[in-house]
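> Model the structure of this input:
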Amino acid sequence: MHTPHPLNYSLKSPSYQSKLTSKFGIYIGISCLVISLFLPALFSSTGTIDGFWVLATGWLGLLFSHFSWFANPLNAIAILSMDKRPVYAYFLSILAFVLATQTFWLREIPSDIYQGRIYIKELGLGFYIWYLGQFIILISIAIRMFRKGGRKQTTSLVDGLEN
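Numbering: from 1, shown residues only. As a prediction, the model looks like this:
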């Protein structure tokens with residue numbers, strides 16, 4: 001049985017196109033996340049809260065049952081595991097997107113100043129670009145999972161966790 005030489009790998013093969021599409025999507029998604037750091041993420045009763053500040057302090061949301069910040073490390077793990085464990089990466093990315101969606105219900109942030117609360121007036125462009133990045137990463141991982149090898153992958157969740 002003859003196996004093709006790796007350098008003869010066709011640029012038109014569905015497997016290569018799927019990998020290229022998903023990697024490009026991951027780069028676009030990560031770019032959105034980085035761009036969001038430099039933009040206003042939230043408009044509050046005390047002023048603008050930029051993306052960098054949200055990234056630095058968002059983990060404190062755990063103290064008041066707000067978990068959207070945790071979409072960031074979940075998607076980082078999903079991106080790192082998408083080639084070896086695509087099903088696992090896909091479900092992590094779905095969970096990350098669901099957690100990111102929780103931001104739409106954020107109305108106030110506890111504070112030890114400002115009479116104990118900072119009220120969120122509206123979500124800023126930084127949030128929407130961050131959320132778009134989360135969505136693009138989810139779609140990119142889904143493309144990689146479902147088109148791996150140029151065909152629909154029929155792997156169960158249990159198979160993905162065992163890899």
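> Kindly list the main-chain dihedrals of the nearest residue to Pro86 once chain neighbours are set aside?
Excluding its sequence neighbours, the residue lying closest to Pro86 (C-beta to C-beta, 6 or more residues apart in numbering) is Met145, at 4.0 Å. Just so you know, the C-beta spots here come from the backbone N, C-alpha and C atoms, and that holds for glycine as well. Phi and psi for Met145, reported as degrees, to the nearest 10, are phi -70, psi -50.
> Identify the residues contacting Leu123.
Contact analysis of Leu123 by C-beta atoms under 8 Å, 6 or more residues apart in numbering lists 41-43, 103-104.
> tell me which residues in the helix or strand encompassing Ile141 are buried?
In the assignment (DSSP states H and E), Ile141 maps to helix 125-146. Across helix 125-146, burial judged by 16 or more other C-beta atoms under 10 Å covers 126-127, 129-145.
> try stretch 87-94
Buried residues in stretch 87-94, defined by neighbour count with 16+ other C-beta under 10 Å: 87-93.
> how about the nearest residue to the residue nearest the centre of the chain, chain neighbours excluded?
Centroid-nearest residue in the chain, with C-alpha atoms, centre = their mean: Gln134, separated by 3.4 Å. Nearest non-adjacent residue to Gln134, counting by C-beta to C-beta, 6+ apart: Ala100, 4.5 Å away.
> Tell me how many other residues crowd that neighbour.
Per other C-beta atoms under 10 Å, the neighbour tally for Ala100 reads 24.
> Which pLDDT value goes with it?
Here, the pLDDT recorded for Ala100 equals 95.
> Centre of the chain to the host helix or strand of it, how far?
When elements are defined using DSSP H and E, Ala100 is found to belong to helix 86-101. Chain-centre distance of helix 86-101: 7 Å, with C-alpha atoms, centre = their mean, to the nearest Å.
> Dump it to CSV, keeping only the CA atoms.
Extracted C-alpha coordinates of helix 86-101, given in CSV (Å, rounded to 0.1, in the frame of the first residue of the first chain):
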residue,chain,number,x,y,z
PRO,A,86,-11.9,18.4,18.6
VAL,A,87,-15.1,17.2,20.3
TYR,A,88,-13.9,18.3,23.7
ALA,A,89,-12.8,21.6,22.3
TYR,A,90,-16.2,22.1,20.7
PHE,A,91,-18.1,21.6,23.9
LEU,A,92,-15.7,23.8,25.8
SER,A,93,-16.2,26.5,23.2
ILE,A,94,-20.0,26.1,23.5
LEU,A,95,-19.7,26.5,27.3
ALA,A,96,-17.5,29.6,26.8
PHE,A,97,-20.1,31.2,24.5
VAL,A,98,-22.9,30.5,26.9
LEU,A,99,-20.9,32.0,29.7
ALA,A,100,-20.1,35.1,27.6
THR,A,101,-23.8,35.5,27.0
